[in-house]
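Trainee: The amino acid sequence is not available; the structure is as follows:
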């Protein structure tokens, strides 16, 4: 009960902040996953231009709701909207930055990068069909590692999240069983396991629970020095989670033929592609109510594409490839217009 | 003489006018005070009514879609938009019940010791320590539970429980493995620690209401301390103790953050209390921000409404019991 009130108050407060900040700063709301890099960019951008960014990291679902209500200049979501939904809601969408999702484990004696899992095995673990670490499927993938005869504690997100959306999207692609029994969404009905709130919740729970496995954004795994695993990708090759393999997955994706940039980077082909790579998206109205604010926001995104790459990489995010960025700039010019039908911003 | 009378009459008229002015001032002050206090009291009722109305309104799409099935279904599937409250209700009631099972005897023990047995010097330090437990924010309990208690239970207590009850029919299902550390039992432990101060301080107050005459008379006819506690103090305080326990239950039912950390947040009803579960408040805290779709949000609000009803019933029962105790005290 008190929780409902609390969240209602928080929502009211967030709403109040968002609208009152409209006059001065670029206002946006949405996904938590890119929040660190957006705020880093905003810091530097403010130093260079004097314009600030007010970004509320309230989650992808909240970001979509806020941009639908037009209470913010842009919304951010880890799960892209389908082209039909975009048309219905009058929104334009493009990918802003990418990251990887990695399985993390806590098994005594196993170090980071020692284990490898493939998609079908991961799906079976999360379906509760593989319950022990010394299961033949895991032993076959890891002949060099001695795995204990212990029950696997499966850890997943308890809150709705773009990370879960991309993770379950991958499991749907690699496991027909997962596709028919569970499916893919920002939160799903988990067959087994412990739920934890947020990337930090999952990394903490895996950290304290012996014999557990979970999935987190790459940045969290690195920051918390967690035991991540390698994965066997679409081409059957074993790959490490690192910038090069995330970029390989992104490079192989065909953005130019994806309407509304609806492209999910899981299970991409390529010998060096990391199988669970994810992009995070920005949403803006096609017909903007406040042209000046929209132009300011686009100027910031343009600056981020041009100058923000280094900072993104330093925080373990992957910048969008140059060819995708030029497609995005074209989208801005073609799609985002003021009430008179004139483009609000022309990228140089 | 007559002049004097006249002036005194005129004087008294002046005095009367002054007095009436003062009286009117008091009257206005009184009225303002009454209006202010009364509207504060009414504001509470309006707020409460508003909360109920908005809860019912928010919950109605889910309740009309799922009907009574919402209470007994164990589905919680945001993909297919099928929701049921059974696992959350079950988790809420079971964690609170186990917490009471642990905290009530310990709390009574503390209260008996402090009122009847404790050397005077120790009384204050122990009393203050117990009350300090109540002052710790629940998030601290959650963090402690997750980083200290859960790994400890996983490594030492839970394997022992599983091994001990492995051959006992019934109990072996209640304490079935594997040990995760995090789960229903761990959440109950944390809740027990959190409601302990409430139970012990209320029972202490209740024990203090037992008239000294009764106790002294019992001692006078040669009763031992145990006999006095069992036959004089306990029956006299009985209803009050139950009322205190119910208040603690009210707190346990609504506790959110600490439970969210250690219960495992799984929408499943496990036979084993070592397995993960969820509670109503933990579900709302976890999922409200990202719940998209009208039915999903509405189901969460319906959970809130259920918690409201459960807590209301528990509090009403405890009030009733405390009222009966007060009646007894006056007699």
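Mentor: Right, received. Where do you want to start? Because the structure is predicted, anything quoted here is derived from the model rather than measured. Numbering: from 1, shown residues only, chains lettered A, B, ... in the order given.
Trainee: Pull out the buried positions in the strand or helix carrying residue B:234.
Mentor: Element membership for residue B:234 (DSSP states H and E) is helix B:234-254. Neighbour counts over helix B:234-254 (16 or more other C-beta atoms under 10 Å in any protein chain shown) mark B:236-237, B:239-254 as buried. Yep, even glycine has a C-beta here, placed from its N, CA and C like the rest.
Trainee: and chain A, which of those residues reach it?
Mentor: Among the buried residues of helix B:234-254, proximity to chain A is found for residue B:254 (C-beta under 8 Å from any C-beta of the partner chain).
Trainee: still on that earlier bit, contacting residues around the helix holding residue B:234?
Mentor: For helix B:234-254, contacts defined as C-beta atoms under 8 Å, 6 or more residues apart in numbering or on different chains pick out A:1-2, B:92-93, B:95-96, B:99-100, B:103-104, B:107-108, B:191, B:194-195, B:198-199, B:202-203, B:206-207, B:209-210, B:214, B:281, B:307, B:310-311, B:314-315, B:317-319, B:321-322, B:324-325, B:328.
Trainee: Filter those residues down to the buried ones.
Mentor: Buried members of these, counted by 16+ other C-beta under 10 Å: A:1, B:92-93, B:95-96, B:99-100, B:103-104, B:107-108, B:191, B:194-195, B:198-199, B:202-203, B:206-207, B:210, B:281, B:307, B:310-311, B:314, B:318, B:321-322, B:325.
Trainee: distance between stretch B:90-108 and the chain's centre?
Mentor: Centroid separation for stretch B:90-108 versus its chain: 11 Å, with C-alpha atoms, centre = their mean, to the nearest Å.
Trainee: what sits up against that stretch?
Mentor: B:184-185, B:187-189, B:191-196, B:198-200, B:203, B:241, B:245, B:248-249, B:252-253, B:259, B:263, B:269, B:273, B:277-282, B:307, B:310.
Trainee: Let's see that with 7 Å instead.
Mentor: For stretch B:90-108, the surrounding residues in contact (C-beta atoms under 7 Å, 6 or more residues apart in numbering or on different chains) are B:184-185, B:187-188, B:191-192, B:195-196, B:199-200, B:203, B:241, B:245, B:248-249, B:252-253, B:259, B:263, B:269, B:273, B:277-280.
Trainee: Please report how far residue B:37 lies from chain A.
Mentor: 24 Å (C-beta to the nearest C-beta, to the nearest Å).
Trainee: quick one: stretch B:67-84 near chain A?
Mentor: Yes - against chain A, stretch B:67-84 shows contacts by C-beta under 7 Å from any C-beta of the partner chain at B:76, B:77, B:78, B:79.
Trainee: In contact with the second one, which residues are there?
Mentor: Same thing as residue B:77. Going by C-beta under 7 Å, 6+ apart, the list of residues near residue B:77 reads residue A:189.
Trainee: try the one 4 residues further on
Mentor: Residues touching residue B:81, when contacts are defined by C-beta under 7 Å, 6+ apart, comprise B:293, B:295, B:296.
Trainee: let's see 10 Å
Mentor: Residues in contact with residue B:81 (C-beta atoms under 10 Å, 6 or more residues apart in numbering or on different chains) are A:185, B:62, B:65, B:75, B:293, B:294, B:295, B:296, B:299.
Trainee: Return the members of the residues you listed classed as buried.
Mentor: Neighbour counting by 16+ other C-beta under 10 Å classes A:185, B:62, B:65, B:75, B:295, B:296, B:299 among the contacts of residue B:81 as buried.
Trainee: Go ahead and confirm the fifth one touches residue B:58.
Mentor: Read it as residue B:295. No - assessed by C-beta atoms under 10 Å, residue B:295 is found out of contact with residue B:58, at 11.5 Å.
Trainee: Which neighbours do the two have in common?
Mentor: With C-beta under 10 Å, 6+ apart as the test, residue B:295 and residue B:58 both reach residue B:302.
Trainee: Could you check how far the residue nearest the centre of chain B is from chain A?
Mentor: Centroid-nearest residue in chain B: residue B:251, 2.3 Å away (criterion: C-alpha atoms, centre = their mean). Going from residue B:251 to chain A by C-beta to the nearest C-beta gives 11 Å.
Trainee: can you redo the contacts of residue B:81 as a markdown table with secondary structure, distance to residue A:136 and pLDDT?
Mentor: Formatted as a markdown table, these follow (DSSP: H, G, I helix; E, B strand; the rest coil; distance: C-beta to C-beta, whole Å; pLDDT from 0 to 100):
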| residue | secondary structure | distance to residue A:136 | pLDDT |
| --- | --- | --- | --- |
| A:185 | coil | 31 | 87 |
| B:62 | helix | 44 | 90 |
| B:65 | helix | 44 | 90 |
| B:75 | coil | 33 | 86 |
| B:293 | coil | 40 | 76 |
| B:294 | helix | 46 | 82 |
| B:295 | helix | 42 | 89 |
| B:296 | helix | 39 | 89 |
| B:299 | helix | 40 | 92 |
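Trainee: of those residues, closest to residue B:42?
Mentor: Within those, proximity to residue B:42 (C-beta to C-beta) peaks at residue B:62, which comes in at 31.2 Å.
Trainee: check contacts around that closest one.
Mentor: B:70, B:81, B:83, B:85, B:294-303, B:305 are the contacts of residue B:62 under C-beta under 10 Å, 6+ apart.
Trainee: Likewise for residue B:202?
Mentor: So residue B:202 contacts B:107, B:111, B:240, B:241, B:243, B:244, B:245, B:246, B:247, B:248, B:318, B:322 (C-beta under 10 Å, 6+ apart).
Trainee: repeat for residue A:265
Mentor: Contacts for residue A:265 (C-beta under 10 Å, 6+ apart) come out as A:95, A:98-101, A:166, A:169-170, A:246, A:249-250, A:252-253, A:255, A:273-279, A:318.
Trainee: likewise residue B:115?
Mentor: B:123, B:203, B:204, B:205, B:206, B:207, B:208, B:210, B:229, B:233, B:237.
Trainee: re the thing from before, would you turn the contacts of residue B:202 into TSV with pLDDT?
Mentor: What follows is the contacts of residue B:202, written out as TSV (pLDDT from 0 to 100):
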residue	pLDDT
B:107	91
B:111	89
B:240	81
B:241	85
B:243	82
B:244	85
B:245	88
B:246	86
B:247	85
B:248	89
B:318	78
B:322	73
